[in-house]
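Trainee: Here you go, sequence then predicted model.
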Amino acid sequence: MSLLDTRVPAVLLRIDRNPFHHGTLGAVRSLGRAGVEVHVVADATGSPVRRSRYVRRMHPPPLPGASLDDILTVLRRVADRIARPAVLIPLDDATAIAAARMRDELAPSYLLPAMPCTLAERVADKAELTAVCASTDVPYPVTLVPDSPAGIADAARRLGLPMVAKWSRPWLLPAGRGLRSTVLVHSAQHARELYLRTEEAGSRLLLQAYLPPGPDRDWFFHGYADHAGTVRAGGPGRKQLAWPRGAGVTAVGCWTPNPQLRALAERLTGELGYRGVFDLDFRRCGTTGRYHLLDFNPRPGAQFRLFADSTGLDVVRALHLDLTGRPLPDGDPMTGRAFVVENYAPFAALRPAPGGRELAWYARDDRVPGWAMWGLWCRHVSRRLRERLGATPAAPAPPLIPRAATPALTSDERASS
C-alpha cells in the first residue's frame, strides 16, 4: 500500500519552455510510482516528459510572461477537468511566486503550503535575498545595486574584476533577447552595457563579488519545511560536475553530509516562516571556508531525486504527504548516492556508482522518455553545430537551462527547482 493518499491527484505547473527540464520528469515519476494521478501543465512540444507512462494528462500551460489572472484561468480550467482537490507543485520560480500569491483564490481546488503570500517572491528576488541573508546572519557575497551608469565604475573598484552581474528578478527576462540571469563580467564597460538594458530586463541589475569555483566549493541543499516549519526530507549535496563546466546546472551531484549547510537551511527557513519545498545554492569561499548563499529557489530543484531516502521519501512526496495530512516516514539518508544528468555527463552515467545512482532520464520502469531525450538532444546538438559552422541561419534554440531557476555561475535547479 502506498504511503501517499492516492485519492488526491497532483498538478505539476511550469511556464518555462525548456524541453530538457529533467526535474519535471523526476516529479512525474516520484508521484506516479507511488500511485498518485499526475497532471502536467507545461509545454509538451518535443518534451520527453509527455512520453512518461506516469503522466495521466498534459495540459496547455500559460504563455511565458503570463499575468496572475492568466495563470489563474488556466489552473481553474485544469481543476474543472480533474473535478477534485489536487496538490499543486510549481516547478519554476514564476509559477511558485504566482501560486503563493494566489493561494486563497486557488483554494479549495488546490492544496498549497500556508505561508506569507509574498515570501516566495521575496526569496527568489536576488536583491531582496541580500536583505534576507543580512537579517538571518547567513553569509552572502558582497552585493551592490548601482543606481546609475556612473555607479558601475565605483562598484567595479569596490568589488574588483571579474564580478558577477545578476538580474534581480530573472523570471521577468524576455525570451530571445540574449539576456542571461547571471553573467561574469570582466570590465566595467560590459557591466555598463548590461545596466543600460535594465528597462528591457524588467528588474534591477546587481553586481556581486565573485567567489571563484574550485574543488568541493559548489553545494546545494534541498528540503521541505512542513506545516510546523520543521525541515524534512532532502539534504546537502555536493556538485561534482556542472554543465557548462564550472558554471551552471548540476550534471553530477552526490549526497554528502554537511551539518553546516543543514544548520544554515534550518535557520533561514525557520526565521522566515517558510513552508514548502525549497532549493538553496551555496558556494564555499576558498579563503575563509564560509558557505555563501547564492540562490533561494522556492520550489523543487531539478536534481531533487538525489535525496530519496531509505523509505523512498523525497521533497515532492513530502509535500504531498504533508498537505494531505499524512505522516512523513523517518528514513535513513542515502549518503554517497549520486545523481547524473546523462546528456550533460554521459561518461559519468557509465562509471560505477558504489553508493547508488539515479539517472535523470533513463529508468527501467519508464524507458521511453530517455530514448526520446537522446533523439531530441542529438537534433539540438546537430542544429547548434550547423549554426556555428554557418551552414544554416541561426534560429532560436530551446533554452538548455531555465533562466529563472539556474544562474549561469551557480548551482540549479533551483533550477530549484
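Mentor: Perfect, I can see it now.

Trainee: Could you use CA atoms for every contact and neighbour count after this?
Mentor: Will do.

Trainee: If you rank every helix and strand of the protein by mean pLDDT, what lands last?
Mentor: Counting by mean pLDDT, DSSP states H and E, the chain has its least confident helix or strand at helix 368-389, which shows a mean of 90.

Trainee: Now do the buried residues in that one.
Mentor: For helix 368-389, a neighbour-count test (16 or more other C-alpha atoms under 10 Å) marks Val368, Pro369, Gly370, Ala372, Met373, Leu376, Arg383, Arg384 as buried.

Trainee: isn't the third one right next to Leu376, touching?
Mentor: Think Gly370. No - counting by C-alpha atoms under 8 Å, Gly370 does not reach Leu376; the two are 10.0 Å apart.

Trainee: Nearest to Leu159 among the buried residues of helix 368-389?
Mentor: Ranked by distance to Leu159 (C-alpha to C-alpha), those are led by Arg384 at 35.5 Å.

Trainee: Could I get the contacting residues of the closest one?
Mentor: The contact partners of Arg384, by C-alpha atoms under 8 Å, 6 or more residues apart in numbering, come to none.

Trainee: out of the buried residues of helix 368-389, who's nearest Gly325?
Mentor: Closest approach between the buried residues of helix 368-389 and Gly325, by C-alpha to C-alpha: Pro369, at 32.1 Å.

Trainee: is it true that the closest one touches Tyr54?
Mentor: No - between Pro369 and Tyr54 there is no contact under C-alpha under 8 Å: 10.7 Å.

Trainee: For Gly253, give me its contacts.
Mentor: For Gly253, the contact set (C-alpha under 8 Å, 6+ apart) comprises Gly237, Arg238, Lys239, Gln240, Leu241, Leu306, Ala338, Phe339, Val340.

Trainee: Would you mind listing the outside residues contacting stretch 213-223?
Mentor: 231-240, 246, 261-262, 265, 277-286, 300-301, 304, 307, 315, 410-411.

Trainee: In PyMOL, how would I select the buried members of the residues you listed?
Mentor: Selection of buried members from those for PyMOL, criterion 16+ other C-alpha under 10 Å:
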select buried, resi 231+232+233+234+235+236+237+238+239+240+246+261+262+265+277+278+279+280+281+282+283+284+285+300+301+304+307+315+410+411
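
Trainee: any weak-confidence spans in this structure?
Mentor: For the chain, the stretches flagged by pLDDT under 70 are 246, 391-417.

Trainee: Would you mind giving the secondary structure of Val40?
Mentor: Here Val40 is recorded as strand under DSSP: H, G, I helix; E, B strand; the rest coil.

Trainee: if I look at it, how far off is Ala100?
Mentor: Distance, Val40 to Ala100, by C-alpha to C-alpha, to the nearest Å: 19 Å.

Trainee: Can you show me the helices along this protein?
Mentor: Using DSSP state H, the helices found in the chain span residues 22-33, 68-82, 93-101, 103-106, 119-124, 126-136, 150-159, 188-195, 198-201, 259-272, 315-323, 368-389.

Trainee: before we move on, back to that, compare Val40 and Ala100 (neighbour count), which wins?
Mentor: Using other C-alpha atoms under 10 Å as the criterion, Val40 and Ala100 rank with Val40 on top: 26 against 22.

Trainee: so Ala338 touches Leu306, yeah?
Mentor: Yes - between Ala338 and Leu306 there is a contact under C-alpha under 8 Å: 6.4 Å.

Trainee: For the two, indicate the residue with more neighbours.
Mentor: Neighbours per residue, other C-alpha under 10 Å: of Ala338 and Leu306, the larger number sits with Leu306, 30 against 27.

Trainee: and the nearest residue to the more buried one once chain neighbours are set aside, how many neighbours does it have?
Mentor: Leaving aside its sequence neighbours, Leu306 sits nearest to Phe339 (C-alpha to C-alpha, 6 or more residues apart in numbering; 5.3 Å). Neighbours of Phe339 under the rule other C-alpha under 10 Å: 28.
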